[in-house]
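J.: Let me see the structure of the following:
(one chain, ligands or ions: 2)
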Amino acid sequence: MDRIDLHTHSTASDGSNTPEKLPFLAKDAGLSAVALTDHDTVAGLDAFLSACQKVEIEGVSGIEISSRWHFPGEVHVLGYFVNPADRGFLKRLEFLQNARSDRNGEMIRKLQSLGIDITLAEWQREAGGEIVGRPHLARLLIEKGVCRDMGEAFGKYIGTDGVAFVPKEKLTTVEAVRFIREFSAAPVLAHPGLLKLDTGTLRDFLVELKDNGLAGVECIHSDHNEKMTVKLLELAVRLGLAPTGGSDFHGTPKPRVRLGIPEVPGRYLEGLKQSFSGQLERGF
Ligand SMILES: [Zn+2]
Ligand SMILES: [Zn+2]
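T.: Ligands and ions are numbered 1, 2, ... in the order given. I've put the predicted structure just below:
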């Protein structure tokens, strides 16, 4: 079977492999296509796509945007076939990233007010890339001897119940879907199984997103069990959404997750392209 992976992260966000290296790993894993879907950034795409050409694997340009909806937790929306050279798109992304950096400053101020010797510059240095995320901050807190491990860093300080936690300024999920659409890319709801919604609520949510331009649903994902995968595949067919899938490979930050696992059939990429171009023809 022709196998693909439509969900991976590089050092441009919170993965441990460079965008140049991922296509080589994907080729080694026997995949015919791989997508790079870093959190809120397309900074890795140029390097990723040229490495894909070099190893002769189909590279899909993507992004994963964080959003919020009426239930707790983040809702992630994948965007496929984004154009990393689109200036308008980059400008809007920059705006989202600025909202994130204000939040980071506020978290640092909270930690300082608890008597912890820490600065935003140290956090940025620890991150080393464009995305400065909480896992990097947790690592810094461990290095400084403030916490023993990630669990303590998140539980006590920077997780949603932590004393230094500051919520993110985020788009709503409908806004994220429209944002991706606006720049002629295909929005796909990421790992819906993690939302822990009952079937009725999930169906209504998907219908609402489809009305706003959603093209597909990530049915296969490393955090979905078989029951969830089957349920999502059924829902996708019933609602006329393209099923997609990917590992959500991060490298060392998520050592359990391997590139290309669970297996995703290559025809899903063709299906997404078709359903997306069909929507474009209908004037979405
Ligand atoms: Zn995600
Ligand atoms: Zn992801």
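
J.: Model confidence for the residue in the stretch 151-284 of the chain that ligand 1 sits nearest to, exactly?
T.: Ligand 1 sits closest to residue 190 of the stretch 151-284 of the chain, with a gap of 4.7 Å, by C-beta to the ion. (C-beta placed from N, C-alpha, C; glycine too.) With respect to pLDDT, residue 190 scores 98.

J.: neighbours around it, how many?
T.: 24 (other C-beta atoms under 10 Å).

J.: For ligand 2, see how far away the closest residue to it other than its chain neighbours is.
T.: Leaving aside its sequence neighbours, residue 190 sits nearest to residue 76 (C-beta to C-beta, 6 or more residues apart in numbering; 3.8 Å). Residue 76 sits 6 Å away from ligand 2, going by C-beta to the ion, to the nearest Å.

J.: List the contacts of residue 76.
T.: 64, 65, 66, 67, 189, 190, 191 (C-beta atoms under 8 Å, 6 or more residues apart in numbering).

J.: these two touch, right, the second one and residue 181?
T.: No: taking contact to mean C-beta atoms under 8 Å, the distance of 11.8 Å between residue 65 and residue 181 leaves them out of contact.

J.: If you rank the contacts of residue 76 by neighbours, which is first?
T.: Going by other C-beta under 10 Å, residue 189 tops the contacts of residue 76 with 28 neighbours.

J.: hang on, that residue packs against residue 213?
T.: No: Residue 189 is beyond contact range of residue 213, at 11.6 Å (criterion: C-beta under 8 Å).

J.: what residues does this structure put near ligand 1?
T.: Counting by C-beta under 5 Å from the ion, the residues of the chain lying close to ligand 1 are 76, 190.

J.: can you list the domain ranges for the chain.
T.: Using automatic domain parsing, the domain ranges for the chain come out as 3-85+170-281, 93-158.

J.: Any chance of those domains in TSV with distance to residue 164 as columns?
T.: Shown next, in TSV, are those (distance: least, C-beta to C-beta, whole Å):
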stretch	distance to residue 164
domain 3-85+170-281	18
domain 93-158	4
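
J.: ranking these by burial, who's on top?
T.: domain 3-85+170-281 (a mean of 19; mean count of other C-beta atoms under 10 Å).

J.: what about that one, how long is it end to end?
T.: 28 Å (C-alpha to C-alpha, to the nearest Å).

J.: ok, the residue lying closest to residue 127 once chain neighbours are set aside to residue 185 distance?
T.: Distance criterion C-beta to C-beta, 6+ apart; nearest residue to residue 127, sequence neighbours excluded, is residue 136 at 4.1 Å. Residue 136 sits 27 Å away from residue 185, going by C-beta to C-beta, to the nearest Å.

J.: for residue 199, same thing?
T.: Distance from residue 199 to residue 185, by C-beta to C-beta: 28 Å.

J.: Could you tell me how far the host helix or strand of residue 180 lies from the centre of the chain?
T.: Per DSSP states H and E: residue 180 is located in helix 173-182. In this view, helix 173-182 has its centroid 14 Å away from the chain centroid, taken as C-alpha atoms, centre = their mean, to the nearest Å.

J.: After that helix, which helix or strand is next? Please name it.
T.: strand 186-189.
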